[in-house]
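1. Mind looking at a prediction? Sequence and model below.
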Amino acid sequence: MIPEGGSVGSAKSGKDVFQKGKVSGNGKYLGSDGVSKSGFKMLYFASDSYTLDDDQIRRLMSDLPKIKATAASGKILLEGNCDEFGTDEYNHALGLKRAKAVKSLLVNSGIGSEHIDTVSYGESNPTCTVDAPACHAKNRRVEINKL
C-alpha cells in the first residue's frame, strides 16, 4: 500500500458466475453493481488506464451530494486498485493515478483537497479472484470510503 497524504457470486456450480457483468472491447467493466463499504459507487477503469469515461463520471456525480456531505464532516479515502497484470511497482503507480484522477474531479466539483486522501493497493486488494475477463475488470477500480 502506498498512501499519499470477495467475489461476485457463488461458484458452487463450477460455472463462470459473471453473466451479469459485461466487459467492453477495451476491458472496462460495464456493470453498475459495485458499492464500497461506505455505500459509494465503485468507479471502474479500462485496462492500463487511469481515465474515467463518461459513464463512470456520471456514476461519480450521482454520488456527489453524499460524498460532499461525508467530506464536510470528516475525510474520505480514495482507494486505487488494479488487476493482476503488470508488475507490483507498475500497479501501485497506476492505482495511485486512478485515485488522483478521481480526487481531481472531486476537487473540481467543490470538495476541498484537505478532505480527500488517496492510497494505492495496486493488485493486492482484489474484489474478485476468478481468472475471467469480467473478474479482472472488477479489480480495476477506485473505491470511495469514509475515513
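-> Received the coordinates, thanks. Residues are numbered from 1 along each chain as shown.
2. backbone phi and psi for Y50, please?
-> Here is the backbone geometry of Y50 (degrees, to the nearest 10): phi -130, psi 20.
3. okay, now it: neighbour count?
-> 20 (other C-beta atoms under 10 Å). No exception for glycine: its C-beta is placed from N, CA and C like everyone else's.
4. Numbering from 40 from now on, please.
-> Will do, 40 is the new start, and the previous item becomes Y89.
5. which ones are touching it?
-> Counting by C-beta atoms under 8 Å, 6 or more residues apart in numbering, Y89 touches 133, 136-137, 139-140.
6. Which neighbouring elements make contact with the biggest helix by length in the chain?
-> Ranked by residue count and defined by DSSP state H, the top helix of the chain is helix 127-147. Where contact means 3 or more C-beta pairs under 8 Å, 6 or more residues apart in numbering; DSSP states H and E, helix 127-147 is packed against strand 41-43, helix 93-111, strand 115-120, strand 155-161, strand 180-185.
7. Dump these to a markdown table, plus mean pLDDT and mean neighbour count.
-> Compiled in a markdown table, the helices and strands packed on helix 127-147 are given as follows (pLDDT from 0 to 100; neighbours: other C-beta atoms under 10 Å):
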| stretch | mean pLDDT | mean neighbour count |
| --- | --- | --- |
| strand 41-43 | 38 | 14 |
| helix 93-111 | 95 | 15 |
| strand 115-120 | 96 | 24 |
| strand 155-161 | 97 | 23 |
| strand 180-185 | 95 | 22 |
